[in-house]
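Asks: Structure of the sequence below:
(one chain, ligands or ions: 1)
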Amino acid sequence: MPEKNIQQRLAETGALLEGHFLLSSGLHSNRYIQCAKLLMHPNHATWAGEQLAEKLQSAQIDMVVSPAIGGIVIGQEVAKALGLPHIFVEKENGVPTLRRGFTIETGAKAVIVEDVVTTGKSTREVIGVLQQAGAEVVACCAMVDRGGSENIAQPFHALAKFQIDVFTPENCPLCKSGVPLIKPGSRKPSVSAG
Ligand code: ZN
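Replies: Okay, here's the model as predicted:
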């Protein structure tokens with residue numbers, strides 16, 4: 001039996017939903033992705049980490065760095081597969097910072113690992129922290145690329161790339177065809193504010 005691919009694993013764990021979703025931005029979408037639903041299963045998390053690590057085999061890397069909180073689980077798995085240390089960047093008063101005694105040596109070669117890259121903003125924030133510390137970002141990777149990799153200058157690897165269509169409520173074709181609107185995280189269809 002062939003090994004399950006990332007799409008099958010995302011669907012099976014409920015990490016990728018198809019339908020009609022109300023996003024926190026107020027926009028509507030046809031798909032919703034929540035990588036934590038896959039990563040909550042250690043066997044899938046380990047598999048995903050090994051898959052990303054394979055894509056990084058040829059790179060010379062000293063450490064793995066991830067943005068908290070979403071990148072921590074997959075970052076740890078990639079680091080485990082590569083036999084490297086893993087640290088994470090978190091926000092302190094809104095500023096991306098290394099805490100907990102984490103340090104980066106000048107000249108260290110780092111790879112950044114995320115669960116999902118939507119706009120690329122959190123990856124770029126980690127790049128900023130690393131460059132400020134004098135490290136070299138040799139590659140960035142994510143389980144899922146939602147298009148944000150286009151905003152990242154470094155070599156980028158992902159296990160899957162998804163286009164997620166978003167609409168304003170006024171222009172939403174799913175609203176027009178009467179598909180019930182779901183607020184992700186809740187089990188009931190949401191009451192649409194229109
Ligand atoms: Zn809609």
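
Asks: residues in contact with residue 105?
Replies: 62, 134-135 (C-beta atoms under 8 Å, 6 or more residues apart in numbering). C-beta here means a position set from N, CA and C on the backbone, and glycine is covered the same way.

Asks: next one: residue 155
Replies: 59, 138-140.

Asks: before we move on, what about residue 88?
Replies: 65-68, 71-72, 75, 102.

Asks: Return the subset of these lying in strands.
Replies: 65-67 (DSSP state E).

Asks: What is the burial count for residue 136?
Replies: Residue 136 has 15 neighbours, counted by other C-beta atoms under 10 Å.

Asks: got it, and residue 101?
Replies: 6.

Asks: circling back to that earlier point, tell me the one of the ones in strands among the contacts of residue 88 nearest the ion?
Replies: Taking C-beta to the ion as the measure, the ion lies nearest residue 67 of these, at 29.9 Å.

Asks: Run through the bridge partners of the residue most central in space within the chain.
Replies: The structure's the chain has its C-alpha centroid closest to residue 116; by C-alpha atoms, centre = their mean the separation is 1.7 Å. Beta-bridge pairing for residue 116 (DSSP bridges): residue 144.

Asks: how much space is there between it and residue 170?
Replies: Distance of residue 116 to residue 170, computed by C-beta to C-beta, to the nearest Å: 27 Å.
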